[in-house]
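Engineer: sequence first, predicted model second:
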Amino acid sequence: MRGLLICLEGGEGAGKSTAMTVIQQTLESAGRQSISTREPGGTPAAEQIRELLLSPATGDLDPITELLLMFAARRENVQQVIQPALEAGIDVICDRFTDASHAYQGGGRQLGAEPVDQLASIVHPGLQPDLVVLLDVPVEVGLNRIRQREDGPDRFESDQGAFLHRVREAYLQRAQAHPDSFVVIDATQSVEQVAACIRNALHERLLT
């Protein structure tokens with residue numbers, strides 16, 4: 001039996017780390033085996049690409065260059081981590097996947113959906129998430145959360161203003177266009193409330 005691909009999405013400061021733990025615990029309680037990975041990242045080569053993409057020292061990148069690097073890292077993660085686990089019947093929880101490219105490069109960088117869809121058809125043909133958990137938070141709230149962190153903002157978090165608003169809008173448009181695969185959760189709620197919403201969504205959509 002093929003494993004489930006559950007993708008965790010959201011803008012900056014949405015609280016994905018805590019949500020990841022909730023998803024893992026919920027799957028474990030249901031008797032399922034799971035692994036977690038992240039994008040960009042997940043393999044040694046993809047983690048090096050992640051460092052390049054997220055480091056403020058990288059500076060500005062051409063939007064197409066940024067998109068290609070994202071998908072280069074994604075291909076490594078799919079081939080080495082995600083696909084083998086799914087084929088072995090293990091659930092995969094992925095911190096960001098191609099919907100992030102639709103939001104950040106398609107929406108935020110204003111490339112549109114076409115180049116993202118074209119690369120997706122090459123990098124992971126036929127592979128789509130069984131569920132996308134979108135943690136939605138207003139841009140200003142997310143940025144306030146980031147400012148409280150000790151490590152400071154990464155390259156995307158530093159790109160404030162209209163960019164991050166476009167990212168959020170693109171995420172919400174994706175969720176509206178794909179209601180069967182998306183669940184949108186208000187991430188301004190308390191940690192306990194967000195966790196309860198995630199557990200309910202998993203049970204209603206996947207674990208019934």
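Structural biologist: Perfect, I can see it now. Numbers count the residues shown, from 1 in each chain.
Engineer: avg pLDDT for stretch 195-203?
Structural biologist: What stretch 195-203 shows for mean pLDDT is 98.
Engineer: buried residues in it, which are they?
Structural biologist: Neighbour counts over stretch 195-203 (16 or more other CB atoms under 10 Å) mark Ala195, Cys197, Ile198, Arg199, Ala201, Leu202 as buried. Where you see a C-beta, it was placed from the backbone N, CA and C, and this is true even at glycine.
Engineer: reformat the residues you listed into TSV and put secondary structure and distance to Asp60 next to each item.
Structural biologist: Shown next, in TSV, are the buried residues of stretch 195-203 (DSSP: H, G, I helix; E, B strand; the rest coil; distance: CB to CB, whole Å):
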residue	secondary structure	distance to Asp60
Ala195	helix	37
Cys197	helix	37
Ile198	helix	35
Arg199	helix	41
Ala201	helix	37
Leu202	helix	39
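Engineer: with distance to Asp91 as added columns, please give those residues in a markdown table.
Structural biologist: Output for the buried residues of stretch 195-203, formatted as a markdown table (distance: CB to CB, whole Å):
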| residue | distance to Asp91 |
| --- | --- |
| Ala195 | 18 |
| Cys197 | 19 |
| Ile198 | 14 |
| Arg199 | 15 |
| Ala201 | 15 |
| Leu202 | 10 |
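Engineer: just give me the closest of these to Gly112.
Structural biologist: Closest to Gly112 out of the buried residues of stretch 195-203 is Ala201 (29.0 Å), distances taken as CB to CB.
Engineer: how about the strands in the protein?
Structural biologist: 5-10, 34-38, 91-95, 131-136, 182-186 (DSSP state E).
Engineer: neighbours of the nearest residue to Val139 once chain neighbours are set aside, how many?
Structural biologist: Counting by CB to CB, 6 or more residues apart in numbering, Val139 lies nearest to Leu164, which is 4.7 Å off, once chain neighbours are set aside. Per other CB atoms under 10 Å, the neighbour tally for Leu164 reads 22.
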